[in-house]
Structures are given as structure tokens and as C-alpha cells.
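**Student:** Quick one, structure for this:
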Amino acid sequence: MLGLRPTAAEPIGPVDGPLTALDAIQALETELEHVLDESLRRAREVDPVFARDVADRVAAFVRHGGKRLRTAFAWCGWRAAGGSGDASAVLRTGAALELVQACALVHDDVMDGSPLRRGAPAMHVDLARLHLEARMTGTPEAFATAAAVLAGDLALVWADDLLTETALGSPHGPRLYREWRAMRAEMVAGQYRDIHAQAAGSCGLDEAVTIATLKSALYTVERPLALGASLADADEHTVDALRSAGRCAGLAFQLRDDLLGAFGDPALTGKPAGDDLRTHKLTYLLAMGLRLAEASGDEEAADVLAIRAVSRSDATVERMRDALERNGAQAVVESRIAELAATSLRHFTTTGADLAVRREFTALVERASGVTLDDAGEAA
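**Tutor:** Okay, here's the model as predicted:
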């Protein structure tokens, strides 16, 4: 099932048949092992201490976690555009996406001060422990922050190296690289808008959507679909349809993540619950909650959801959750996720992809959004 990230398998070879997203995810694990082994070999040639403390941690982080959704969406884009035969370029592009995702997560945890990621200590927390155990001088926090930034940088370097090699070896390399270049800039812009909104105390719905689009929707679904399609030399109509499908599915994914961040079980999500509320991160959920509270005259909800200069206590976070449920914000976001997921499938259908690929895409959208869709592509 797509809900499980499988163990390593043999790479997909030059075959012509109805390959599945699960096949691509399985083959990616083997491709990632090759890529990481070679990257670690080069790191050890550069410096053994750097390789032990930083490169090994980056490789372990990439190996032991992640849903591999971006790779699966890249495969869907490739297949929707008529891709078949040797899928090695798609898999290597998928591996590059997993590496850039590692960069984003490591840096995001530093900026948010998040202690957990994928059910384990975040990179900067682990590096602070290294500082303490080695009895280094200075503060563990300063060392860990600097080292984690470098770890994220290294993941991005590895991603860029791999994508560049793939582009140079593909007849469609320039198109592939243009998509990649745009995606990296969007990621940085989205992360900056995120921290800017927190510092400025922003609470508008439009800004929340902009941040969700730049920071997550584009590089989680839209760009992976386009990257895969570029390797099949997709026509303009197909790419436009994939972009529309990807943006809707990507927003659904981010809105689901917002809900999990506020109401999810850390044992299932692998990260703390309530951190976005505690730090007043501008999410669609919080912005909607404030709008509904103000529109209904619910002063209690508006007060607890309003901007505060300090981090909130556990009791205040619980009051915020209650307000978001009581004033209907949680239900509104659930409805919006279902609407986005269904719209995404309608856009994908216009690519002309065959039924098997449409079913694969539907399963991925269901997994990303947490919405069950019926045979007509509507929320069940």
C-alpha cells in the first residue's frame, strides 16, 4: 500500500508497462543508497571529522524517514506526459527532491526551535548533545544552530549536484533545470514569508495562502509533477494541467499539515503538537479562526487567537484548540481540503493520462490530503 514506505528494491529498468508509484518509491530507496554512499565517500575524502559529525547525520536523516511523496508525484508527472521505458532520470530527480526536502526540514526545525522530527531529536538537538558529550567549549545551542545550518546546506549541495548530473545526462536537461531553479527560489521565498509573517504579527488569509503555496504546495506536488513531465518532454497543455492539479493537491497537503500541527498526535506525526499555535505561526487554520471569531463577535475566541508577544502556555494552546473547534475553523479547513483534493483530480484528468496513472495519482492525493475520494473524484 502507498501508506507504507517500502524497503530497498531493484531500480526500474528499461521496461514498457503500467509501472506504479509504489514501484518508483521502492526503486528510489536503492537509488538513494547509491547516491548517499557516493556522497559520503566524497565527504570522507574532504575531511573525516566533517564526514563523521555532519555528512553521516545528513545521510542517516535522509535514509530513515519521509513518505517519498515528491518522488511519487514526479513519477506521476512523467507517466501522465507519456513517459515510459528507462525511469532512471526520474528516480535520480526523485532522490534530489528527497535531499532538498532534508535541507528544508533541518533548516525549518532550527528556525522554529522544534525539538522533534520524524519521531526523533531534530538535527540541532542531536548536535547540541554531541557538543555536551564531547565537552566542547561555548554554548551547545550556538554550536548546534551553526552546525545544523551547515547540515542543511550540505543536503542542498548534494541535491544540486545530483540534479545537475541528471540534467546534463538528459536530452531534456534545460527544461528539468529550469523547473528545479524555480523551485529552489520559491522554497526560500516561502520560508522567508513564514518568518516575516510571524515577526510582523500578520493574520490575513491571503498571506496565509501565499505562504502555504510558496513554502509547501509548489515544491511538494506542483514542481515534482512538472519535473517528471519535463523528462517526458511534455507539451504545454499537459504541463499546465499538471501545475493546476499540483497546486491544488499541494495546498490540500499543507492545510492537512496545519490541522495535524494543531490537533495531531505526536506519536503518529513524529513532531510536537501545538507548536504552530504556541508560536502564532500564520497558518490558514489560524487565519480562518480569527476571521470567523471576528465575524461572529466571539470576543473570547478572538482574544485567545490574537497575536501575543510571548510564547503561549500549554493551557493557552488548549484554549486556542477549543476556539478553533467551537467557531468552526477546523471544519472549514477540512471542507477546503476536500474541495482542493477533488479539484486536483479534475485538473489531472485533463492531461489525458490513462486510467492506471489517474488511479495512482488519486491514491497519492488521498495520502497527502487525508481525504478519501470516490470513483468520481469527489470526497467520499
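**Student:** Run a quick neighbour tally on D37.
**Tutor:** 10 (other Cβ atoms under 10 Å). Any C-beta I mention is one placed from the backbone N, CA and C, and that applies to glycine too.
**Student:** so where is the stretch 51-200 of the chain shaky, pLDDT-wise?
**Tutor:** By pLDDT under 70, the stretch 51-200 of the chain has no low-scoring segment.
**Student:** All the helices of it, in order from the start?
**Tutor:** Assigned by DSSP state H, counting those that start in this stretch, the stretch 51-200 of the chain shows helices spanning 56-63, 69-80, 88-112, 123-133, 140-168, 173-200.
**Student:** the inter-axis angle of the fifth one versus helix 123-133?
**Tutor:** It refers to helix 140-168. For helix 140-168 against helix 123-133, the angle between stretch directions is 130 degrees (axes from the mean of the first three to the mean of the last three Cα atoms, to 10 degrees).
**Student:** what are the ranges of the helices in the stretch 251-380 of the chain?
**Tutor:** Per DSSP H, counting those that start in this stretch, the stretch 251-380 of the chain carries helices over the ranges 266-269, 275-278, 284-296, 299-305, 314-326, 329-349, 355-369.
**Student:** Please tabulate those helices in JSON lines, including the columns mean neighbour count, distance to R68 and mean pLDDT.
**Tutor:** Listed next are the helices of the stretch 251-380 of the chain as JSON lines, based on neighbours: other Cβ atoms under 10 Å; distance: least, Cβ to Cβ, whole Å; pLDDT from 0 to 100:
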{"stretch": "helix 266-269", "mean neighbour count": "12", "distance to R68": "17", "mean pLDDT": "69"}
{"stretch": "helix 275-278", "mean neighbour count": "21", "distance to R68": "24", "mean pLDDT": "84"}
{"stretch": "helix 284-296", "mean neighbour count": "21", "distance to R68": "25", "mean pLDDT": "94"}
{"stretch": "helix 299-305", "mean neighbour count": "18", "distance to R68": "35", "mean pLDDT": "90"}
{"stretch": "helix 314-326", "mean neighbour count": "17", "distance to R68": "31", "mean pLDDT": "91"}
{"stretch": "helix 329-349", "mean neighbour count": "20", "distance to R68": "19", "mean pLDDT": "96"}
{"stretch": "helix 355-369", "mean neighbour count": "21", "distance to R68": "10", "mean pLDDT": "95"}
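**Student:** got JSON lines for those, with distance to S244 too?
**Tutor:** Output for these, formatted as JSON lines (distance: least, Cβ to Cβ, whole Å):
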{"stretch": "helix 266-269", "distance to S244": "29"}
{"stretch": "helix 275-278", "distance to S244": "28"}
{"stretch": "helix 284-296", "distance to S244": "19"}
{"stretch": "helix 299-305", "distance to S244": "32"}
{"stretch": "helix 314-326", "distance to S244": "29"}
{"stretch": "helix 329-349", "distance to S244": "4"}
{"stretch": "helix 355-369", "distance to S244": "13"}
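**Student:** out of these, which comes closest to Q191?
**Tutor:** Q191 sits nearest to helix 275-278 of all the helices of the stretch 251-380 of the chain, at 14.6 Å, using Cβ to Cβ.
**Student:** I'm done for today, thanks for sticking with me.
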